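Trainee: structure for the following, please:
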Amino acid sequence: MQVLQVQLNVGADPAEVGRARRWARSRLAGSGIQDGEPVAETLILLISELVTNAVVHTGAPAVLRMLFGSGEAEAGTVRVEVADASTRPPKPRQARDAETNGRGLELVEGLADRWGWQPEGAGKRIWCEVDRCAPAPKSATASASGSASVPGATPAHESRACVRTQLVDTFCRRHPSAPARNVRR
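Mentor: Reported below is the predicted structural model:
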């Protein structure tokens, strides 16, 4: 199994989150995941949340890694890792509607196919994986129900991408002051 790994050192300044998003967009495009694809938007949101959590909750630099598989079995999965200097495990919490913070891990839980954390050196690494679905052929047309009717398409992947897009849209409508609205730069 071959894996392409790219890495960015992120400073302790919250302004570094925007730089991490721009860097990640360019690396995604280089791996064949184009800006605007639902999986790209999902990955950028996940990266934004994980990097923000690392920088804000530790006050220390972090390391962002993206891993792209190149073999047949793993080519469809993108893994995002953020290593930080804290040994404190991530703790999801339930934010109230009026709160503008506290939804990062809730988004990670809802958007990633898998996520977790593990100790790394003097700190920890939080990771998530998103399974990339094959793009539908350009000749695909949407049916009256709004789903693509493409012979041989993988409905599970198509619906997962739709669910992710709907989840992000719903989150943004319910929480207009949350940072998810400003992911795109």
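Trainee: which parts of the protein are helices?
Mentor: Applying DSSP state H to the chain gives helices spanning 16-30, 38-58, 104-111, 155-174.
Trainee: the longest one versus helix 16-30: what angle between them?
Mentor: Here helix 38-58 points in a direction 150 degrees away from that of helix 16-30 (axes from the mean of the first three to the mean of the last three CA atoms, to 10 degrees).
Trainee: mean confidence score for helix 38-58?
Mentor: Mean pLDDT, computed over helix 38-58, is 93.
Trainee: and for the last one?
Mentor: For helix 155-174, the mean pLDDT works out to 53.
Trainee: what does the shortest one give?
Mentor: The predicted model assigns helix 104-111 a mean pLDDT of 87.
Trainee: that one relative to helix 38-58, how many degrees between them?
Mentor: 160 degrees.
Trainee: report the buried residues of helix 104-111.
Mentor: 104, 105, 107, 108, 111 (16 or more other CB atoms under 10 Å). Where you see a C-beta, it was placed from the backbone N, CA and C, and this is true even at glycine.
Trainee: now these as TSV including distance to residue 51?
Mentor: Output for the buried residues of helix 104-111, formatted as TSV (distance: CB to CB, whole Å):
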residue	distance to residue 51
104	10
105	13
107	13
108	12
111	15
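Trainee: which residue sits closest to residue 84, ignoring its sequence neighbours?
Mentor: Leaving aside its sequence neighbours, residue 84 sits nearest to residue 54 (CB to CB, 6 or more residues apart in numbering; 4.0 Å).
Trainee: now residue 126
Mentor: Take residue 126 and drop its neighbours on the chain: the residue closest to it by CB to CB, 6+ apart is residue 117, 4.5 Å away.
Trainee: what's the neighbour count on the one you found?
Mentor: 15 (other CB atoms under 10 Å).
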